[in-house]
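**Student:** The following block contains a protein sequence and its predicted model.
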Amino acid sequence: MLDEPTNHLDIESIIWLENYLIEYPGTVIVISHDIQFLENVCNRIVEVEMGGINDYKLSYRKFLEEKEKQRVVQIAAYENQQKDIAQKEKTINRFMASATKTKMAQSMQKLLEKVDRIEMPSEITKAMHIRFAEVPRSGRDVIRTVDISKSFGEKKVFSGINITIERGDRIAFVGQNGQGKTTMAKIMAGLLDFTSGRVEAGSNLHLSYYAQNQSELLDLKSTVMQVMEDKAPEEMRSRVRNILGSFLFSGDDVDKKVMVLSGGERARLAMASLIMKPCNFLILDEPTNHLDIYSKEILKNALKDYGGSLLVISHDREFLAGLTNKVIEFKDGYTKEYLGDIEYFLDKKKMDNMRSVELQKSDNGTNGSKDAVMIKKIDSEDLRRIKKQISAVERDISKLENDIGLLELKLADPNFYENLHYVETNKKYQSLQENLEIKMLEWETLSFEVEGSV
């Protein structure tokens, strides 16, 4: 049983997991919002909707097709029944007005009450459409990194990175976890210092950054509506309720406090509030984590129409498909640019990997290839020691994330900058961010050692 197994996995790891599960001889039960993962792995879909369960022995895309057919049939049946009920109620009301037909009207009313009512199927959210706030025009060059290098202590993340983002670019950062994608995004957003090089911001740059833990930064005591109204410029206030409705907040939901919302609801609220802010360069770090499938579709459609420049870090292939026109891969401290979307990048990587295998075979021969795939085994004592280290690092990461979250709440308050201690607090925030990056890299290294020993 796997509950959201692709969250926090990079694309290469997801593909590996897919191949493993496809070959796995047992039964697999998966809860996931990753459409491509579901399509590749599952041959049966159990949908939980409107308090009931619908079972489809189909792949995910076939399930969507069948569901749409059933929806059309159900809508027609619902509308026909509503017409029939309305006609009978009209007749009952007419008979009730007649003294000689009152008993007949009462009998008809009892029969009508026993009728099994057909429910109106829930609306498919792809019919909904939302727009970002009006985008101010940026200069031709939005942002540029020149020979940027970053290290955490002795650990070098990357060096000599040159990236230019021009107006209208829509870029995906991809690569294995720990390769520096989030680090570079934070450097561009001005949230993290770099070791050497420089960052050049273009003219009239208005940048918005959506962090992986953005939903954790919401004010727990505020209501859903208050969060949105605090973010909304004057020209957007009339659209607040419509945007909340598009992200599945309706009726009394808007008066709920953030503290009572689920993780998925907080993620939807954080994303909805981001749409309110006018910006011409949008950086999204894993924006689909904790979003359900329909909310992801709403967000993707909005991003397709977004008029500014876009940078997305995501492991969700379905979400990235058709959304970006460039892919920048982070690997072994360097970057490589691909002029195409995620499908082009994955196809290109398959080709490159095949060529690498062919070259390895030609260079090493049959015996050499055996040596190339040997994995260093770790003895049981070392394995236990490494697992203890991983547990300790995970505790450190949890504490650092909590401390960072508390500081970000302070830094998000405009009144805080009137306090004389804000410079000291900002330095502490930067230090915690760097320590977190170090711990994350340490966790990655230790985890790879354990994986390689299995």
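**Tutor:** Perfect, I can see it now. What you see is a predicted model; the values in this text were computed from it and never measured. Numbers count the residues shown, from 1 in each chain.
**Student:** could you point out where the stretch 1-150 of the chain is predicted with low confidence?
**Tutor:** Screening the stretch 1-150 of the chain residue by residue with the criterion pLDDT under 70, one finds the ranges 121-129.
**Student:** all helices of it, in order?
**Tutor:** With DSSP state H, counting those that start in this stretch applied, the stretch 1-150 of the chain shows helices at 11-23, 35-41, 60-96, 102-113, listed in chain order.
**Student:** which residues in the stretch 351-454 of the chain form helices?
**Tutor:** For the stretch 351-454 of the chain, helices defined by DSSP H, counting those that start in this stretch occupy the ranges 380-411, 422-453.
**Student:** Same list (these) but as a markdown table, adding mean pLDDT and mean neighbour count.
**Tutor:** The way it works is simple: take the backbone N, C-alpha and C, and place the C-beta from them, glycine included. As requested, those are arranged in a markdown table below (pLDDT from 0 to 100; neighbours: other C-beta atoms under 10 Å):
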| stretch | mean pLDDT | mean neighbour count |
| --- | --- | --- |
| helix 380-411 | 80 | 14 |
| helix 422-453 | 75 | 16 |
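**Student:** Output the ones you listed in JSON lines, with distance to Ser238 appended to each entry.
**Tutor:** Listed next are the helices of the stretch 351-454 of the chain as JSON lines, based on distance: least, C-beta to C-beta, whole Å:
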{"stretch": "helix 380-411", "distance to Ser238": "29"}
{"stretch": "helix 422-453", "distance to Ser238": "34"}
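**Student:** Relative to Asp292, which of these is closest?
**Tutor:** Evaluated with C-beta to C-beta, the helices of the stretch 351-454 of the chain place helix 380-411 nearest to Asp292, the distance being 23.5 Å.
**Student:** Can you pull up the most central residue in the protein?
**Tutor:** Compute the mean C-alpha point of the chain, and by C-alpha atoms, centre = their mean the closest residue is Thr288, 1.0 Å away.
**Student:** ranking the helices of the stretch 1-150 of the chain by burial, who's on top?
**Tutor:** Each of the helices of the stretch 1-150 of the chain was scored by mean neighbour count; the highest is helix 35-41, a mean of 20, by mean count of other C-beta atoms under 10 Å.
**Student:** can you count the residues close to Asn301?
**Tutor:** For Asn301, the count of nearby residues is 18 (other C-beta atoms under 10 Å).
**Student:** Can you say which of the helices of the stretch 1-150 of the chain is nearest to Leu207?
**Tutor:** Judged by C-beta to C-beta, the one of the helices of the stretch 1-150 of the chain that comes nearest to Leu207 is helix 11-23, at 25.5 Å.
**Student:** Grab the nearest non-local neighbour of Leu2.
**Tutor:** Distance criterion C-beta to C-beta, 6 or more residues apart in numbering; nearest residue to Leu2, sequence neighbours excluded, is Val30 at 4.9 Å.
**Student:** likewise Gln214?
**Tutor:** The nearest residue in space to Gln214 (C-beta to C-beta, 6+ apart) is Ala270, at 4.5 Å.
**Student:** before we move on, back to that, will you turn the helices of the stretch 1-150 of the chain into CSV that also has distance to Val327?
**Tutor:** Shown next, in CSV, are those (distance: least, C-beta to C-beta, whole Å):
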stretch, distance to Val327
helix 11-23, 10
helix 35-41, 16
helix 60-96, 24
helix 102-113, 60
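**Student:** Asp403: which of the ones you listed is closest?
**Tutor:** Counting by C-beta to C-beta, Asp403 lies closest to helix 11-23 out of the helices of the stretch 1-150 of the chain; the figure is 28.0 Å.
**Student:** Which neighbouring elements make contact with that closest one?
**Tutor:** Other elements packing on helix 11-23 under the criterion 3 or more C-beta pairs under 8 Å, 6 or more residues apart in numbering; DSSP states H and E are helix 35-41.
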